[in-house]
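[1] next one to model:
(one chain, ligands or ions: 2)
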Amino acid sequence: MEERVKSGVPGLDDILGGGLFRGQTYGITGGPGAGKSILSMEFLVRGAERGERGLYVTSEVPADKLARQIPFGSLQGHIDNGDLIVFSTRPLPGEVTTNTEKFDLAGLTYMVKHYVRNNDIKRVVFDSVNAFVQQYDDRRPLRRELNNLVAMLESYGCTTLLVFEGDSATSDPSVEFLVDGVIELGRIETHQDVVRYAQVRKMRGTAHDLNKRAMEIGEQGILITNIKPFYGD
Ligand SMILES: Nc1ncnc2c1ncn2[C@@H]1O[C@H](COP(=O)(O)OP(=O)(O)OP(=O)(O)O)[C@@H](O)[C@H]1O
Ligand SMILES: [Mg+2]
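    Ligands and ions are numbered 1, 2, ... in the order given. Reported below is the predicted structural model:
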């Protein structure tokens, strides 16, 4: 029986049937503002609180902006004491390196392996993987490189979230099959309300909640409830 690791994100472990599996890789999908970054950052913060070091790899936001976006937990504190490492593939203003080409998936795997090994990292987030995926016109090398990345993380026992911008990792089936689970975040609009939801689309090796569940984002972070969002009128 594989070991469960509690994400620590309120409500998430319940819809996952008890938590994530250690060493496995999960996709987080959803459109703009769906909560992908906040949820995956909270996964790292809750991990750090439980003694699991985290690595956040981002192509989107310079590292120094992140702490301001996360209102809950002590993100900055965890960064300061080394329990949470933020690596931005986008240089900060004033930095001379603008060559992002070196961060193809193979280069990224090499770099991440270095961090994981030297810092005893147990949780990893890639926010997002789209920029890396887009570098590949051909699916075959993409699949191979992603496989190598996932296998490396598994060999070090890292539980990993891959953030995909867009409705679903299913827009690229080769990617969907690669991950051990998919959590979709989104919004449902009715004539008078907009409700956030989280839904487990796939979770290898366990029964899980199949329903969309209402999700809230607030000063305390993410809260996934057992309420089914209201459909239509
Ligand atoms: N303190 C807060 N209280 C309530 N809602 C918040 C708070 N902070 C952020 N949000 C909500 O979370 C949204 C941003 O979530 P997040 O950045 O995780 O989305 P995302 O899925 O990563 O989007 P993108 O694909 O654009 O990166 C905001 O648009 C806002 O609606
Ligand atoms: Mg984001």
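[2] in the longest helix along the chain, which residues are buried?
    Looking across the chain with DSSP state H, the single longest helix is helix 139-155. If you call a residue buried by 16 or more other C-beta atoms under 10 Å, then helix 139-155 has these buried ones: 142, 143, 145, 146, 149, 150, 152, 153, 154. C-beta here means a position set from N, CA and C on the backbone, and glycine is covered the same way.
[3] out of the residues you listed, which comes closest to ligand 1?
    residue 146 (19.8 Å; C-beta to the nearest ligand atom).
[4] surely that closest one touches residue 105?
    Yes - under the criterion of C-beta atoms under 8 Å, residue 146 makes contact with residue 105 at 6.4 Å.
[5] in the chain, what helix or strand scores lowest on average pLDDT?
    helix 63-69 (a mean of 68; mean pLDDT, DSSP states H and E).
[6] what about the helix or strand that comes right after it and ligand 1, touching?
    Once the chain leaves helix 63-69, the next helix or strand it forms, by DSSP states H and E, is helix 75-80. No - judged by C-beta under 6 Å from any ligand atom, helix 75-80 makes no contact with ligand 1; its nearest approach is 12.7 Å.
[7] tell me the helices and strands packed up against helix 75-80.
    Using 3 or more C-beta pairs under 8 Å, 6 or more residues apart in numbering; DSSP states H and E, the elements in contact with helix 75-80 are helix 36-49, helix 63-69, strand 84-88.
[8] what's the last one packed up against?
    Under the contact definition 3+ C-beta pairs under 8 Å, 6+ apart, strand 84-88 sits against helix 36-49, strand 53-58, helix 63-69, helix 75-80, helix 105-119.
[9] in its sheet, what does it sit against?
    strand 53-58 (parallel) (DSSP bridges).
[10] and the residue nearest the centre of the chain, what is it in contact with?
    Nearest to the geometric centre of the chain sits residue 161, at 3.3 Å (C-alpha atoms, centre = their mean). Each residue near residue 161 by C-beta atoms under 8 Å, 6 or more residues apart in numbering is listed here: 25, 26, 27, 28, 40, 43, 124, 125, 126.
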